[in-house]
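**Q** I'd like to go over a predicted model; first the sequence, then the structure.
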Amino acid sequence: MTDYIVICVDRSGEDGGHNHIYQALVRPVTGGTGRLLPVKDIRREIKLGVHHFYSADPLGNRVPVKRYKCDCGRKTIRTRPDDINDDNLSRKGPCT
Ligand SMILES: [Zn+2]
């Protein structure tokens, strides 16, 4: 089991202005090489419960990244309260 921290996220710009996350660069909290993963893979790993994903706010507090299905039907990930407007995962800059 590995704990991963989200470094940055890439967002689509085509979902009615929702800008959902579609991939994220994650790195083991213990250090090591980052992996750019599609949201689909991150959602699957969260569901399996083998690996855990976290996002850190500017103060360094870690919160869990969770699976999230938007009102528009898009399956993505979020911290709280959604993947669009919060003070953590949503503040991550783009990877590419
Ligand atoms: Zn949406």
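**A** Ah, there it is.
**Q** only C-alpha atoms for contact and neighbour calcs from this point on.
**A** OK.
**Q** what helix or strand does the residue nearest the centre of the chain sit in?
**A** The residue lying closest to the centre of the chain (Cα atoms, centre = their mean) is Ile77, at 5.3 Å. Per DSSP states H and E: Ile77 is located in strand 75-78.
**Q** low-confidence ranges in this protein?
**A** 14-16, 81-87 (pLDDT under 70).
**Q** all the helices of it, in order from the start?
**A** 39-48 (DSSP state H).
**Q** enumerate the residues of it near the ion.
**A** 70, 72 (Cα under 5 Å from the ion).
**Q** thinking again about what came up before, surely the residue nearest to the centre of the chain meets Ser55?
**A** No. Between Ile77 and Ser55 there is no contact under Cα atoms under 8 Å: 11.1 Å.
**Q** between those two, which contacts overlap?
**A** Val65 (Cα atoms under 8 Å, 6 or more residues apart in numbering).
**Q** picking that back up, contact partners for the residue nearest to the centre of the chain?
**A** Counted by Cα under 8 Å, 6+ apart, Ile77 has contacts 21, 39, 43, 65-69, 83.
**Q** okay, and the beta partners of it?
**A** Arg67 (DSSP bridges).
**Q** kindly report the same for Leu25.
**A** Cys8, Leu36.
**Q** count of residues packed around it?
**A** 19 (other Cα atoms under 10 Å).
**Q** I'd guessed it sits against Cys95; true?
**A** Yes. The pair Leu25 / Cys95 is scored as a contact, 6.8 Å apart, by Cα under 8 Å.
**Q** which residues do those two both contact?
**A** With Cα under 8 Å, 6+ apart, Leu25 and Cys95 have common neighbours 8-9.
**Q** pull the distance from stretch 27-45 to the chain's centre.
**A** 9 Å (Cα atoms, centre = their mean, to the nearest Å).
**Q** how about it: buried residues?
**A** By 16 or more other Cα atoms under 10 Å, the buried positions in stretch 27-45 come out as 27-28, 36, 38-39, 42-43.
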